[in-house]
Every structure is written in C-alpha cells, then in structure tokens.
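Asks: Sequence unavailable; structure follows:
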C-alpha cells in the first residue's frame with residue numbers, strides 16, 4: 001500500500017509495528033494512569049526507573065575547582081572557571097553576575113545547544129569581550145536574535161553559570177587522542193582555522209554513533225553522562241556564596257532544552273525550568289525525526305514507562321515553561337502539541353496547572369528575543 005511522504009515511517013513498514021509497542025496505551029509509570037494518584041510516590045518511583053534505565057551510577061563529585069581568570073564586561077563580573085570530573089579533560093565554564101548587587105542572587109544554569117557544532121560549547125550563548133568568533137556571531141544571529149542570552153539574563157540581576165558538557169567545547173573528543181583508523185588525516189583545529197573547525201564538526205557528528213555504542217558497551221549511556229555533568233555544574237552554581245541555593249533555575253535551546261528536560265525533571269533544586277525548542281513525543285522520534293537528532297536523547301526501555309514530556313513533568317508542581325516554534329524542522333507540530341497536552345494533564349492532576357505553560361511561536365528552530373522576554377519573565381516570576 002502506497003503512503004504519502006508525510007505518512008511514511010523512517011523505518012518503512014516496520015514503523016507501525018514499532019509504534020504499537022507503546023503508543024496505543026498510557027505508559028506504565030505515567031501519572032496519567034487512573035491507578036496512580038499520590039504525586040510524591042509517583043515521582044520517587046518514576047525517577048528511580050529513569051535513573052535505572054539511564055544506567056546512571058553515582059560518581060565522585062567534581063574536584064579542583066579553580067577561577068582561571070576574571071574581568072568586567074558590559075556591567076557584568078565575568079569569571080572563567082574550571083573543575084575536574086572523574087574522567088576526561090577539565091570542564092570549563094563561564095560565570096556571569098552583575099558587578100553591583102545586594103543580598104543573594106538568583107542562580108540560573110544556562111545550557112548551551114548542540115547545533116551540530118561540537119568544537120564550541122558555552123561560547124555559543126555568551127559574550128565576554130568585544131567581538132565574537134565569526135561562527136559564534138553567525139549562530140547567535142541565526143538562533144538567538146543576535147543576543148548572548150546568558151549575558152542578558154545576568155544583566156537582569158542573575159548569577160548565570162554556563163558550562164561545557166560532554167563532547168562539546170572543553171569536553172570535546174580531541175582528535176589527537178583518537179586512532180588514525182577513526183580520524184583519518186584530520187587534526188585538532190585552532191580558533192582561527194574555520195575550515196578545520198567545520199571539518200571537525202562534521203567528523204564529530206559522524207563520531208556520535210561510535211561514542212554512543214562505546215558508552216552502551218561500558219554499561220552506561222550518553223544521557224547519563226550529560227545529566228551527571230549538568231548536575232555537577234549545578235553543584236558549582238549552588239556553592240557560590242552570593243547565590244541563593246533555594247532559587248535556582250535552568251534553561252536552554254535545542255540540546256540545551258533537552259538538557260533542561262532531564263536535569264529539571266530529576267533534580268528538584270531547579271525551581272524554575274525553561275525548555276526551548278525541545279519538546280515532543282517518543283512517537284515523533286520513532287516515526288519521523290530521530291534522524292535530525294543527537295544520541296544524547298535516547299534511553300532504551302523508557303518509553304514503556306514514561307512519555308518523553310513526562311520526564312520534565314516529574315518536577316511537578318515546580319514551575320515549567322516550554323517554548324516551541326511552529327515551523328521547527330526538528331519536530332512535527334502535531335506531536336509538539338500532543339506533548340503539551342500530556343504536560344497539561346500531569347500538571348492538572350498534580351493541582352499545579354498554574355505552574356506549567358507552553359507557548360508556540362511562528363518560525364523555525366530558535367530562541368529569539370521575544371521568546372527570551374517570556375523566558376526571563378518566567379524566571380522572574382518563579383525565582
């Protein structure tokens with residue numbers, strides 16, 4: 001039987017069968033089930049299942065936290081930080097806060113995107129000196145309305161920490177550490193080598209499959225490492241003397257939105273969360289859009305227990321804002337809207353309907369200035 005393009009599955013005739021494995025009923029641990037009524041019991045059980053399926057194991061906390069440098073820029077105090085995790089090179093992060101303030105500051109963990117650009121991490125959403133790297137200027141103009149949104153939030157009176165995460169920026173896989181049979185003739189580029197950076201980003205995108213397979217073979221997963229590293233960064237932010245550890249938030253676009261879903265759904269220290277350009281359903285990934293996405297998403301077995309939006313809904317009744325774009329090529333609109341309905345149902349059952357909101361903006365994949373206004377006001381309201 002012939003099907004039109006929009007009704008065809010990425011895995012051909014196997015799509016209907018695969019979708020039937022979990023989409024014809026409410027997942028086993030969904031709060032939407034009639035037999036599940038106690039919110040805290042549900043959260044405890046469902047979070048334990050997510051961590052189990054992530055293959056997440058407790059690791060040592062960060063060590064050797066250092067301030068590498070500090071300066072002032074456009075009314076902000078800027079610090080370049082680094083710390084050591086149990087594996088890999090030192091994590092680099094940028095910390096931004098107002099120069100002049102009184103009392104304790106609200107803190108936000110600003111999570112950078114994926115964007116197919118792995119040479120860079122935190123630098124995608126900050127500006128710490130006059131002039132940007134040309135690739136970062138192009139990215140901020142295209143995806144962020146020409147703004148470094150972490151800076152803009154800090155100027156509103158927030159302490160903002162922007163860390164690199166596994167496989168990006170300071171946490172990227174270095175070609176010098178990879179055998180020739182995997183890297184070919186490529187060498188690690190420098191900032192000035194634009195063509196070399198493009199070649200690295202292309203290689204790193206293809207390398208994701210190898211990376212994911214290796215992590216699965218080690219008994220863990222990519223989402224587990226991302227969650228662990230973001231949680232460690234949250235520890236760093238909460239440890240700052242000038243930050244109110246009871247008023248912490250997180251947010252980000254795209255890969256940063258995915259990281260927001262995971263971190264805010266599993267760590268109640270996040271009192272306000274804003275996921276931008278990353279909310280849909282497992283069915284959308286299964287049938288239509290997994291080819292547009294990273295290995296940072298997939299948690300084997302989880303769709304039997306929770307729908308994708310219910311990972312973030314595990315934070316109910318804490319505040320959650322989801323910002324989406326109606327013409328985002330990374331998702332189908334119908335599934336983004338279904339994810340919204342699922343979130344609303346969970347929050348309503350948790351008697352917290354006023355703590356959840358989804359807004360749909362015209363246009364493609366972005367976190368532009370109008371969306372930033374809504375996000376910042378959400379942080380203001382709930383932090």
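Replies: Nice, thanks for sending it over. In this text, all values refer to a predicted model and were calculated from it rather than measured experimentally.
Asks: Can you list the low-confidence ranges for this structure?
Replies: Across the chain, the ranges flagged by pLDDT under 70 are 1-6, 23-24.
Asks: Break down it into its helices, ranges please.
Replies: Along the chain, counting by DSSP state H, helices occupy 14-20, 39-54, 134-143, 149-155, 180-183, 194-217, 222-238, 255-266, 282-283, 308-313, 333-349, 369-382.
Asks: Who are the packing partners of the third one?
Replies: Which is helix 134-143. Here helix 134-143 touches helix 194-217, going by 3 or more C-beta pairs under 8 Å, 6 or more residues apart in numbering; DSSP states H and E. To be clear about C-beta, it is placed using only N, CA and C from the backbone, and glycine gets the same treatment.
Asks: can you redo the helices of the chain as TSV with mean neighbour count and distance to residue 298?
Replies: Listed next are the helices of the chain as TSV, based on neighbours: other C-beta atoms under 10 Å; distance: least, C-beta to C-beta, whole Å:
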stretch	mean neighbour count	distance to residue 298
helix 14-20	13	13
helix 39-54	16	10
helix 134-143	16	24
helix 149-155	24	27
helix 180-183	12	22
helix 194-217	15	8
helix 222-238	22	7
helix 255-266	27	11
helix 282-283	24	9
helix 308-313	26	10
helix 333-349	19	16
helix 369-382	17	26
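Asks: Report the spatially nearest residue to the residue positioned nearest the centre of the chain, omitting neighbours in sequence.
Replies: The residue lying closest to the centre of the chain (C-alpha atoms, centre = their mean) is residue 259, at 2.2 Å. Nearest non-adjacent residue to residue 259, counting by C-beta to C-beta, 6 or more residues apart in numbering: residue 111, 4.4 Å away.
Asks: Roughly how far does the residue nearest to the centre of the chain sit from residue 252?
Replies: 6 Å (C-beta to C-beta, to the nearest Å).
Asks: who touches both of those two?
Replies: residue 111 (C-beta atoms under 8 Å, 6 or more residues apart in numbering).
Asks: what about residue 295, how many neighbours?
Replies: 18 (other C-beta atoms under 10 Å).
Asks: Assess the claim that it and residue 210 are in contact.
Replies: No: checked against C-beta atoms under 8 Å, the pair residue 295 and residue 210 is beyond contact range at 9.9 Å.
Asks: thinking again about what came up before, how about the helices of the chain, which one is nearest residue 93?
Replies: Among the helices of the chain, the nearest to residue 93 by C-beta to C-beta is helix 222-238 (6.4 Å).
Asks: In the stretch 1-150 of the chain, mark out all the strands, start to finish.
Replies: For the stretch 1-150 of the chain, strands defined by DSSP state E, counting those that start in this stretch occupy the ranges 63-73, 76-84, 91-98, 105-110.
Asks: Show me what the second one is packed up against.
Replies: Strand 76-84 is packed against strand 63-73, strand 91-98, helix 149-155, helix 222-238, with contacts defined by 3+ C-beta pairs under 8 Å, 6+ apart.
Asks: who's in contact with it?
Replies: Outside strand 76-84, the residues touching it (C-beta under 8 Å, 6+ apart) are 62-72, 90-99, 128, 151, 154-155, 161, 170, 232, 236.
Asks: in that strand, what's buried?
Replies: For strand 76-84, the neighbour count (16 or more other C-beta atoms under 10 Å) marks 76-83 as buried.
Asks: if we can go back for a sec, for the residue nearest to residue 259, which residues are in contact?
Replies: Contacts of residue 111 by C-beta under 8 Å, 6+ apart are 162, 165, 230, 250-252, 255-257, 259-260, 263.
Asks: If we use 10 Å, what do you get?
Replies: 121-122, 125, 150, 161-163, 165, 226, 230, 233, 250-260, 262-263, 274-276 (C-beta atoms under 10 Å, 6 or more residues apart in numbering).
Asks: And the closest residue in space to residue 220 that isn't next to it in sequence, how far from residue 219?
Replies: Distances taken as C-beta to C-beta, 6+ apart place residue 55 nearest to residue 220, at 4.5 Å, with adjacent residues excluded. Using C-beta to C-beta, residue 55 is found at 6 Å from residue 219.
Asks: For those two, indicate the residue with more neighbours.
Replies: Taking other C-beta under 10 Å, residue 55 and residue 219 do not tie; residue 55 has more neighbours (17 against 9).
Asks: these two touch, right, the more buried one and residue 224?
Replies: Yes: counting by C-beta atoms under 10 Å, residue 224 is a contact partner of residue 55 at 5.6 Å.
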